[in-house]
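**Student:** give me the fold of what follows.
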Amino acid sequence: MYEAFYGFKVKPFGLSPQEEFLFLSRQHRMALELLVYGLRNQAMFCAVTGDIGTGKTTLMRRLFGGRGPSQAVIMITGTNGTFTDLLQWILSEFGVDYQGLDKLALQHALIRQLKWVSTRNKRVILVIDEAQSLAPDVLEELRLFSNINAGNAMLLQTVLVGQLGLRDTLRRQDMRPFAQRIGVDYLLAPLDKEQTHAYIRHRLNAAGSGREGLFTDEACDAIFAASRGVPRVINLFCDTALVYGYADQKQTIDATTVNEMLGDKARDGGWLFQSSQPAPLTSVAGGA
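**Tutor:** Predicted structure coming up:
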C-alpha cells in the first residue's frame, strides 16, 4: 500500500517476529550475551522474561538461527497441560512415537533419545516459549527430570522464555529449588526514548528506505510516549502512521500525523490491546 510511495522494499513494521529486523538495544544485547555464556557453560536452566511485545521470541530466533553443529535445539510453545503432555510434545519434536506410553515410559524414551544425541557429540537445548503457561507442578517435574544431568554429562539444557507471570511464578517460595538452578535470569525492559528513536530508524533502514528523517524527532517522541517503548506497539503505531501519511500524501511523518492517528483511535474507544488509551501529545511541537 504505502511501500512504493515511501520507497520501501519490504514492510518495515510487521507485528510478527522478524529476525532480520532485530534491533539489539543494550538490554537485548546483554540478554543475548548472557544466554550464549550460560549455554556454553552448561547452565541447566536459563530464563528470559519480559512484557508482551518486548522481543523475546525474535531474540530466541537470533540466538539459535546460526546454531552450531554441537547443538540440537527443540523450540516449543508453552503448554498449559501436564508434564506428560510436555514429554509427548518433546518426543514428537524428536520424531519418536509415544503412543500408548505412560508417564514413566515417556521419560525413559526421552532419556534414551537424549543419550543417543549425546553419543553424537551434541547437546539438546529445549526452548519453551510462552513458558508462563506452565503450571508450578509442571516446572517442578521438569526440575526433577533435569537430574539426568550428572557430572559432565549435560544431556539437556532448558531455556524458559515467558511473560512477567513466569517471573512471578519462579519467585514463589515453593519454587526456590527450581530458581536456584537457573544459571541465567534476565528481564527484558521496554526501550527508552533514545532507543525508540534508534529502533524506528533501524527498521526503516532495514526495510530499504534511504530517506532521512521520514519520521521526525517529534513524531518519534509521540510514538515513544504512547507505546511506552514496547517494540511491538511501536511497530503498530508506526505502521498505522505510515498509512495515515500515505493517505494524505505526506512526505514525512510528523507529530501532527501521529497525534491525529492516536486521537482517532481514542475516539473509537482506544486500541484493543490497551485497557486505556493515552491521550494525544498536544504538547509535542507540531502536534494537533
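**Student:** for stretch 47-62, measure first residue to last.
**Tutor:** 16 Å (C-alpha to C-alpha, to the nearest Å).
**Student:** so for it, mean pLDDT?
**Tutor:** Averaged over stretch 47-62, pLDDT sits at 92.
**Student:** what number of residues lie near the nearest residue to Phe178 once chain neighbours are set aside?
**Tutor:** Nearest residue to Phe178, sequence neighbours excluded (C-beta to C-beta, 6 or more residues apart in numbering): Arg143, at 4.6 Å. C-beta here means a position set from N, CA and C on the backbone, and glycine is covered the same way. For Arg143, the neighbour count with other C-beta atoms under 10 Å is 19.
**Student:** Met60 too?
**Tutor:** Met60 is flanked by 22 other residues according to other C-beta under 10 Å.
**Student:** what does the one 10 residues further on give?
**Tutor:** For Ser70, the number of neighbouring residues by other C-beta under 10 Å comes to 10.
**Student:** same question for the one 3 residues further on.
**Tutor:** Here the count is done by other C-beta under 10 Å, and Val73 has 18 residues near it.
**Student:** how far away is it from Ala135?
**Tutor:** Per C-beta to C-beta, to the nearest Å, Val73 is found 24 Å from Ala135.
**Student:** hmm, back to that, is the residue nearest to Phe178 within a helix or a strand, and which one?
**Tutor:** Under the criterion of DSSP states H and E, Arg143 resides in helix 136-145.
**Student:** tell me which other helices or strands that helix touches.
**Tutor:** Applying 3 or more C-beta pairs under 8 Å, 6 or more residues apart in numbering; DSSP states H and E, one finds that helix 136-145 contacts helix 83-94, helix 164-170, helix 176-179.
**Student:** what sits against Val36?
**Tutor:** Val36 makes contact with Leu63 under the criterion C-beta atoms under 8 Å, 6 or more residues apart in numbering.
**Student:** give me the three-state assignment for it.
**Tutor:** Following DSSP: H, G, I helix; E, B strand; the rest coil, the label given to Val36 is helix.
**Student:** against Gln195, how distant is it?
**Tutor:** Distance from Val36 to Gln195, by C-beta to C-beta: 22 Å.
**Student:** same question, Thr119
**Tutor:** In terms of C-beta to C-beta, Thr119 sits 45 Å off from Gln195.
**Student:** settle it for me: which of these two has more neighbours?
**Tutor:** In this view Thr119 and Gln195 are compared by other C-beta under 10 Å, and Gln195 has more residues nearby, 20 against 7.
**Student:** hang on, that one packs against Gly229?
**Tutor:** Yes: using C-beta atoms under 8 Å, Gln195 makes contact with Gly229 at a distance of 7.1 Å.
**Student:** pLDDT weak spots in the stretch 1-150 of the chain?
**Tutor:** Within the stretch 1-150 of the chain, the stretches with pLDDT under 70 are 66-68, 78, 150.
**Student:** please enumerate the strands of it.
**Tutor:** Counting by DSSP state E, counting those that start in this stretch, one finds strands in the stretch 1-150 of the chain at the ranges 45-50, 71-77, 123-129.
**Student:** now do the first one against strand 123-129, angle only.
**Tutor:** Counting by axes from the mean of the first three to the mean of the last three C-alpha atoms, to 10 degrees, strand 45-50 lies at 30 degrees to strand 123-129.
**Student:** how far does strand 45-50 sit from the chain's center?
**Tutor:** Distance of strand 45-50 from the chain centroid (C-alpha atoms, centre = their mean, to the nearest Å) equals 11 Å.
**Student:** over to stretch 42-52?
**Tutor:** Per C-alpha atoms, centre = their mean, the centroid offset for stretch 42-52 relative to its chain is 11 Å.
**Student:** can you give me the buried ones in that stretch?
**Tutor:** Residues Ala43, Met44, Phe45, Cys46, Ala47, Val48, Thr49, Gly50, Asp51 are the ones in stretch 42-52 that count as buried (16 or more other C-beta atoms under 10 Å).
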